[in-house]
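**Q** How does the following fold in three dimensions:
(chains A, B, C and D)
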4 protein chains.
Amino acid sequence: MGQSLLSAVVLGASGYAGVELVRLLAGHPSVTVSALSADSNAGKTLGEMYGFFAHYSGSSAPAPHPSPTRAPLAGAGHGVDNSPAQGFRATMAQLAAMPLVRTNAIDYTGVDVVFAALPHGASATTMIQLLEQWPHLRVIDLSADFRLESADVYEAWYGITHPAPDALKTAVYGLSEFSASAMPNAQLVANPGCYPTTVCLPLLPLLANRAINPDHIVIDAKSGVSGAGRGAKPNLLLADLHSDFYPYGTANLHRHRPEIEQVLHSADSRVTSVTFQPHLLPIPRGMLASIYGRFAPEFVVPADNPSASQDKTLARAHALLSEAFAATPFVTVLPLGQTPTLAAVRGTNHCVIGLCGSHDKGGKNTAGSSFVDDRFVIFSAIDNLIKGASGQAVQNMNLMYGFAETEGLDAPPVFP
Amino acid sequence: MGQSLLSAVVLGASGYAGVELVRLLAGHPSVTVSALSADSNAGKTLGEMYGFFAHYSGSSAPAPHPSPTRAPLAGAGHGVDNSPAQGFRATMAQLAAMPLVRTNAIDYTGVDVVFAALPHGASATTMIQLLEQWPHLRVIDLSADFRLESADVYEAWYGITHPAPDALKTAVYGLSEFSASAMPNAQLVANPGCYPTTVCLPLLPLLANRAINPDHIVIDAKSGVSGAGRGAKPNLLLADLHSDFYPYGTANLHRHRPEIEQVLHSADSRVTSVTFQPHLLPIPRGMLASIYGRFAPEFVVPADNPSASQDKTLARAHALLSEAFAATPFVTVLPLGQTPTLAAVRGTNHCVIGLCGSHDKGGKNTAGSSFVDDRFVIFSAIDNLIKGASGQAVQNMNLMYGFAETEGLDAPPVFP
Amino acid sequence: MGQSLLSAVVLGASGYAGVELVRLLAGHPSVTVSALSADSNAGKTLGEMYGFFAHYSGSSAPAPHPSPTRAPLAGAGHGVDNSPAQGFRATMAQLAAMPLVRTNAIDYTGVDVVFAALPHGASATTMIQLLEQWPHLRVIDLSADFRLESADVYEAWYGITHPAPDALKTAVYGLSEFSASAMPNAQLVANPGCYPTTVCLPLLPLLANRAINPDHIVIDAKSGVSGAGRGAKPNLLLADLHSDFYPYGTANLHRHRPEIEQVLHSADSRVTSVTFQPHLLPIPRGMLASIYGRFAPEFVVPADNPSASQDKTLARAHALLSEAFAATPFVTVLPLGQTPTLAAVRGTNHCVIGLCGSHDKGGKNTAGSSFVDDRFVIFSAIDNLIKGASGQAVQNMNLMYGFAETEGLDAPPVFP
Amino acid sequence: MGQSLLSAVVLGASGYAGVELVRLLAGHPSVTVSALSADSNAGKTLGEMYGFFAHYSGSSAPAPHPSPTRAPLAGAGHGVDNSPAQGFRATMAQLAAMPLVRTNAIDYTGVDVVFAALPHGASATTMIQLLEQWPHLRVIDLSADFRLESADVYEAWYGITHPAPDALKTAVYGLSEFSASAMPNAQLVANPGCYPTTVCLPLLPLLANRAINPDHIVIDAKSGVSGAGRGAKPNLLLADLHSDFYPYGTANLHRHRPEIEQVLHSADSRVTSVTFQPHLLPIPRGMLASIYGRFAPEFVVPADNPSASQDKTLARAHALLSEAFAATPFVTVLPLGQTPTLAAVRGTNHCVIGLCGSHDKGGKNTAGSSFVDDRFVIFSAIDNLIKGASGQAVQNMNLMYGFAETEGLDAPPVFP
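**A** Numbers count the residues shown, from 1 in each chain, chains lettered A, B, ... in the order given. So this is what the prediction gives:
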C-alpha cells in the first residue's frame, strides 16, 4: 500500500454493527471507505438513515453570497473554517452521502479489505463467492459463519448446512488479544461473537494455566438490546422494554455457547461444557458476564490456614490475568476485588475484568471456616457493538495490516 | 375487632417501602391507617412529598359558588359525584394530609398492628421498646433485625450487637407461603428480605424434597434501584445510572446471603453455603434471580437414555414446584421451559418462577450425549417493593388476622 | 340490566389501548367482558401475549395430590385460599384464557356495550355496520372516526372519505367532564384523542369565560411512546429511542389539531386556530402539555399597579379552573404556581393542571414594570393510555349507565 | 507558544462539566492539562471517581515476568504495543492519576489558560483574585458570573452582589459562532449558558434581519438531567425520575431568561421579554428548544396568494439561517421542514436547527385560508454538556489561540 490508504468496503452497513464500523473507520487515519452495501436499504444513504452522519457536512445549504444585512455581533462564522470541511469532517460528510448499494453491485478491483456485517448463513455464501472472484481480498466476517471449526456443529446449532466447510479450517478466529500472531497472514477472519469475547478473554489465561475446575463454569451474561439488531419486533420497543429485564436463549441453547466451549476447550481440553445463560438489559448497549467457577484443586495454594490459602490463590489467579493482559491496550484487569461497570466501557473497545473470591462472615456455613473456599467470580464488561463486534473487527484489521493496534479505536466513553 | 377496621401504623412511611405500604393499606378494605411516622421528614405530609397522594383529594380549592358564566358544553362535573370523596379516594385524601410524626410521638393505645420500615439496627431497639410499653401490639418488621436466628451471625454481618437476642427466638420469619400456619399466633413478624424472598420461594420445595445437590447453588440476582432506598447518592442519580449495570455486594458478602442460607438450611440441612451475587439494574423496581444448580444424583430419574432421564427429572422437579404452589395465590410456576419477565410482576405481589434444564446440540461437549445433564436454572421474579417488602408485609398481616390472603393485594401491573 | 352485570366487548383488544381497557374492565364491579377481538392476533389469547394476565390464574399446573415429602417449614400454601381463584383473580384468569376472535365472529345478541380500539377508517365502517345489525348496542369508539363534526375536515386530515357523515351529527364527543349530561342518552360516543383531552380540559373553563386572548394559544405537548401504538418500527425500538427526544407532527399538521380547535371553538367561537406541536418522550406512557397564552384584555383585573393586577388576574383564572373541576373526581387543579409531573398521574385516570403566570426580576425588559404581564402557562398532565384513551372510555361508560364515575378507575400510580 | 503545548488548568474538574472538559482536552492535540482542582473532592483522582479514566492506563498491575505456562493460542498481547501507552492513552492515564487539588494550591506560573467550572458566585470571586495575582492568565469561565452585562440584573436574578462589576464590561460573551472576532484578544470569556446557546444560535440571524415579531417569542425548552449537576437530590435519583417528565423554573423565572433576553436584545433592540419555560427530560444529556414565533409583518413576502406568500417567507427565513451558519463547522441548518433529534447531537459539539412553518388542512380555521399564516417553530438541539458547556469552552479556546475551530471537538455520537 505504501503511503496510500487501505481501501475498505463495509457490507451490511445500515445495521447497528455496520454503522458502528463506518463510524470507527471514518476516524481511522490509514483507511478509506470505498463502498457501503445494504441490500434492503439499497439506494438510501446513511445520512438519510442516521441523523448524526448528515450533521458532519455542516449546513447543507449553499452559501454563495454573504447575508445582506447583519448586526454587528451577529457575524456567525466570520473568519473561521471558511474552507470546505476537511479531514474527519470531510470523511463523515462523504460517508453520509455515499449511496448504499447491493453487495453484488460493488467493483472490488481496488478494494483491500471487506468487513461483512451480514446475516448468518448469507454471509458464508457471499464471502466464498467474493473470495473466489476476487482472490486478492481479505475479509473480516462479523457473522457466526466462520467461527466454529466443525461444519457439523455449525449445522446442529444454526440449522444450515455450511456452504464451505473447508473455509472453516483456514479461517482465523479473531479474538484479537489471542490471535495477534496469526493476523498478519490471515485472509479470512472470523470475528468473534460478543458473548464469546466477553467470556473468553478472562477465562483463557486461567484455563491455559489449569487454574480452573473445568466442570463448574457457570456464565450469567447480560446484554444491551442493540445485540438483537435493528429488526423491529414489538418486544424490543421502548414501550415494552423500558423497565423490563429477562433471560432468553434458555435451556443452555444460545448459539454462542458452542463458540464459547470451542474457545475454552482450545485452552484447556478438559472443558467440554459450560452453563451459559444470557439476559436482556433495558439499555441500548453494553455487555457484562458474571462468570462463576471454582479453582482447580491443584491451583489452590497451600497455606497454614484456609484464609491465607484463599488469599494466596486469588492473588495467583489475579497475577495470571494481569500478566496475560499487561501488554494489551484494550483489556484492563482491575485490582483484586474491584468490579467493572458498563458505563465505563460503553463507546470504547475496552474489556474490563474484575476478579472476586468468596469470603464469609459466619452463618449456617460456619463449618466453612475449616476449608478453603475455592469459589471465584469473574466479571467481564465490554461494549457489545465495539469490542463485541465492530471495534474488534477494526482491531483485527490493525493487526492484519501492521497498524498500531489502537489506531482508530481510541475514544473515551461519553459519560454521563 | 368485630366489624371494626384494623388500626395500623406505618413507621418510616416516607421511604420507598413506607410509601408502598401506605398505598397498599389505603386500598385494603379491612384496615385503617391511624398514624404515619418519618423521623427525618416529621412535620411534612405524604401529599407534599409524593404528588400522587395529593391528587386523590380532587381539586384542592374550595368551590362554594357555581361559575358565573359558562358555555353550554362547558359544564364540568355537572351531576356527577358532587358528594365529597368517598371510599378509596377519601382514604387517599386523608393519608395525603396526615402529618408525618416522630415514632415516639404516636399514642398506640388503639393501634392493632405496627408496620416498621425503619433502618436496620434502629428498628430492633424501637420495636423492643414498643412491645414492652404496648404489649397488645403486633409488629411486622421490614428491617433485617429479626430475620436471622443467631445474634452472633447478626453481629458478624451487620456490625451491631443485637439489642434483643431473645426476640430472635420468638420472631416469626414471614415468608408468607411457608409461614401461613405460624402467622395467626405471631406477635413479631420478621418480614423477609427481597433477595431471600426471590431465591427461597422456588428453592424450598426442591430442597425439602432433596432434589438439589447442596454444594453447587449459584445465585445471580439483579435488582431495580429502589432497593437501595431513597437516600441520595451520586451513583444512583439518573444521569450516572441511566445506561449502566454492574455487580455489587461482591465477594459473596451481601448481607442477604446469611438469611438465604439460613432459610435454605431449614429445608435441607446439607445446604451450608451458597454463592450469591447481586447486580444493580437501571430501572426503578423489579428483581430477578437466576439460580443455577444441579439435581441431586438420587433425584435423577433413571431411564433408557440420558435424554429421557433428563426429561423425566425436569418434569419431576417441575411437578414439585407446581404442587407446592398450586394453592398459593401469588406464586406462579410457569410451564417447564418458560421464563418470567420483570414487567409482568412490577406493581404486583406476584412471584413468577420458571424452570429450565440444560440441553445440547453438539459441540466440544459431544461426549456429553452419553451422560445425563443434571444442570438446571430457575428464574424467579418479583417486584422488590411489593412481594419483596411491603406487599409481603400486607400478605403477612392478612394471614395474621385471618383476612383473605389476597386482600388489598390484587392489582395487575401497569403495562407498558 | 337489573342486578346483572353489563356485558361488554372489546374490539382491538391486543393493542396497548385494548389491553388497558381489558385490565380496567377486569376490575370494574359492574361489568363483565364477554368477548375480545383482535383481527391480526385472532386465535391467540392475552395470556399468551401479555405475561401479567397469565399470572392471575396462579400456578397453571394441576395439583391433585399433596407433595409426597415435605419439610416442616416448607408447607407452601397450606390452609390458605385453597379454593379456586375468585373475584378479580378469577376474572383475570378468565380473560387471560379468552380467545381473541375476529370482530365479525362475535355474536352481539346479549352484549350491551362495545369498546372499539380499532384503526382509524376501519373503525367507522365497522361501527356503522354493527349498529345497523345490532341496534341495541351502545358504542364507545376510541378511534378518531367520530370525533370531528365535519366530514370535510375529516377527509382533509385523514385522507379518507367518511363512510357515515350522518353519524358525525349524532355521535357524542366524550370529554367526560364536559359531556356528563349527554352521556345517559348517547348511543355512539366518540372518545377524545389523548392530546385533545390534555389540552382542552384546562382551556375550556377559561375560554367559556372569555378569559383568554384567542389569537395566541401555543401548545407544546410531549407524549410517551405508547401513544404510537405497538406497531414495530425501528425508530421506536429501545435501542434507538432510549436517550432521544424530538418533535413530530410538525408544521402544525398533527391530526389532533383540528379536534382541539373544534372543541376550543365550541367554548369560544373566536378561537379558530392554535399552534400545536407534539414531541416524543423516551418513556412508555404519560402526556404533558405546556400551554402558552395571554389573558384577554377584558379579563385582566384593574389594580393600582401592574403587579397587583397580575396577581388578581391569575387568582381569577385559577378560581375559574378550581370551580370548574371542584366536583370532578379526576381533575386536580393544583394551587397557583404548582406544576404537575407525569410520574404522579401514570397508571391513573387523573388529569392534573397547574397554572403559572409570567413574573420578572429585571433585565432588558425592565420597561416591563410599567405594564401588566398578561402571559400565562398552563401545564396539564395525564396518562395517555388511561385518561387519554381507555380510562376515559370507562369513565364515559360509567356516565352512560349511571355507575359512579370513579368505578373501576380508582388506583394510585405505582411509584417509583 | 511556538511548538509547545498550551498549558491548561481545569477548576471544578470533578463535576459533570469538569470531567467533560478533561475528556475533551485529553484529545486536543495542542493542549496539555497541567492541573485539576476540585475543592470538595481534593485528594481524590478522576481515575478513582470515574471508571473510564482508569481504563486508559491498561492493566494497572505490573507485569515483570512472562506467564510461566501458556497454551499455544493464549498468547495475549504478544508482539503488539508492548511499549508504554502513548499519545491519547498516555494522556488519559496521566489525567486519571493526577491528584485533584484545591484551587488555591495550584502554581499558575507556567499556565496559559484556566477553565473554571465552579459554582455561581464563587467563580467570580475566584477568577478576579486569579487574574489579579497572575495577570498573564486567560480565563474561560463556565459559570453565570460574567455573562450578564449589568451587575444589577445579576444581583436581581442570582441574589448576590457582584464582586467585580467592572469585569462585566471587559468579559467577552463566548457564543462562539458570534464571538469569533473578539476571541483572539479576550482575556476573560464568559461561556454561555446551555439554554441561551440553544435558543440564541437560531434566533440571532433572524433577529438581526428584523425577521421576527419581537413580542411573541415563546421558548419551550427541555433538558437532560446532567444540567442539574451531580449533587445528589432524591428527585434526581433514577428511581424517581426514570419515567417522569415535568417543568421547572416556572413563572418565567429561570435564571437563563435574562441572559437570553440580553443576547436577543443585542441583535434586535425591540426584543425586551421572552417566555422561557424549561422542562426536565429523564435522560442524562441533551437539550432541545422549541421556539415559537411569528414573522415580522415587514418580513412576510408579498405574493398572489397566502400560501405562496407563506412559502416564500419561510424560504427567506431558511436562507437567512443557512447563510448565517454556512461557514460554521458546528451548526447544521436542516432542510426546511426537517427537525433535529437529541440522539444525533449527543456526544458532539453540534447545534442542529430545524425550521417549520404552520400549515393547514381545514377546520375551524378555514377562514384562515384568506390570510398569511405568519407562525413558525424553530427546533434547536445541542448536547448540554458539550456545546452547552465544555465543548463550547474548548471551541472558544480554539478561537482565542488561533487553533482550528474544530480541534479536539470532532467526534461522532455513540449511537445507538
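**Q** Show me chain A divided up by domain.
**A** A:6-192+A:387-401, A:195-384 (automatic domain parsing).
**Q** and of the ones you listed, who's closest to residue C:386?
**A** domain A:195-384 (14.5 Å; CB to CB). C-beta here means a position set from N, CA and C on the backbone, and glycine is covered the same way.
**Q** returning to that earlier point: let me have the domains of chain A in a markdown table, extended by mean pLDDT, distance to chain C and mean neighbour count.
**A** Below are the domains of chain A laid out as a markdown table (pLDDT from 0 to 100; distance: least, CB to the nearest CB, whole Å; neighbours: other CB atoms under 10 Å in any protein chain shown):
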| stretch | mean pLDDT | distance to chain C | mean neighbour count |
| --- | --- | --- | --- |
| domain A:6-192+A:387-401 | 88 | 7 | 20 |
| domain A:195-384 | 95 | 4 | 22 |
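**Q** Dump those domains to TSV, plus distance to residue D:146.
**A** TSV is the format used below for these (distance: least, CB to CB, whole Å):
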stretch	distance to residue D:146
domain A:6-192+A:387-401	16
domain A:195-384	33
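**Q** Let me have those domains in CSV, extended by distance to chain B.
**A** Below are the domains of chain A laid out as CSV (distance: least, CB to the nearest CB, whole Å):
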stretch, distance to chain B
domain A:6-192+A:387-401, 4
domain A:195-384, 4
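**Q** Stretch A:229-248 and chain D, any residue contact?
**A** Yes: interface with chain D: stretch A:229-248 contributes A:242-243 (CB under 8 Å from any CB of the partner chain).
**Q** start to end distance for that stretch?
**A** Stretch A:229-248 has an end-to-end distance of 15 Å (criterion: CA to CA, to the nearest Å).
**Q** Same check on stretch A:344-357?
**A** End residues of stretch A:344-357 are separated by 23 Å (CA to CA).
**Q** any idea how far it is from the chain center?
**A** 12 Å (CA atoms, centre = their mean, to the nearest Å).
**Q** same question, stretch A:234-249
**A** Per CA atoms, centre = their mean, the centroid offset for stretch A:234-249 relative to its chain is 22 Å.
**Q** Equivalent analysis for stretch A:259-270, please.
**A** 19 Å.
**Q** Same question for stretch A:197-215.
**A** Distance, centroid of stretch A:197-215 to centroid of chain: 19 Å (CA atoms, centre = their mean).
**Q** Could you do stretch A:283-291 as well?
**A** Chain-centre distance of stretch A:283-291: 12 Å, with CA atoms, centre = their mean.
**Q** Do it and chain D come into contact?
**A** Yes: using CB under 8 Å from any CB, stretch A:283-291 reaches chain D at A:284-285.
**Q** Can you give me the first-to-last residue distance of that stretch?
**A** Start-to-end, stretch A:283-291 (CA to CA) is 21 Å.
**Q** Name the SS class of residue A:326, please.
**A** Of the three states, residue A:326 takes coil under DSSP: H, G, I helix; E, B strand; the rest coil.
**Q** before we move on, what about residue A:156?
**A** helix.
**Q** what about the helices in the stretch 201-350 of chain A?
**A** Assigned by DSSP state H, counting those that start in this stretch, the helices in the stretch 201-350 of chain A fall at A:238-241, A:256-267, A:306-324.
**Q** Please name whichever of those helices is nearest to residue D:173.
**A** The nearest among those, by CB to CB, is helix A:238-241 at 39.0 Å.
**Q** which other helices and strands contact that closest one?
**A** Applying 3 or more CB pairs under 8 Å, 6 or more residues apart in numbering or on different chains; DSSP states H and E, we find helix A:238-241 packed against helix C:238-241.
**Q** ok, now how distant is the residue of the stretch 101-250 of chain A found nearest chain D from residue D:40?
**A** Residue nearest to chain D within the stretch 101-250 of chain A (CB to the nearest CB): residue A:208, separated by 3.8 Å. According to CB to CB, to the nearest Å, residue A:208 and residue D:40 sit 46 Å apart.
**Q** now the helix or strand hosting residue A:22, how far from the centre of its chain.
**A** Assigned by DSSP states H and E, residue A:22 belongs to helix A:16-26. Chain-centre distance of helix A:16-26: 12 Å, with CA atoms, centre = their mean.
**Q** Report whether the helix or strand just after that helix contacts chain D.
**A** Using DSSP H and E, the helix or strand that directly follows helix A:16-26 along the chain is strand A:31-37. No: figure legend: strand A:31-37 not in contact with chain D (CB under 8 Å from any CB); closest approach 13.7 Å.
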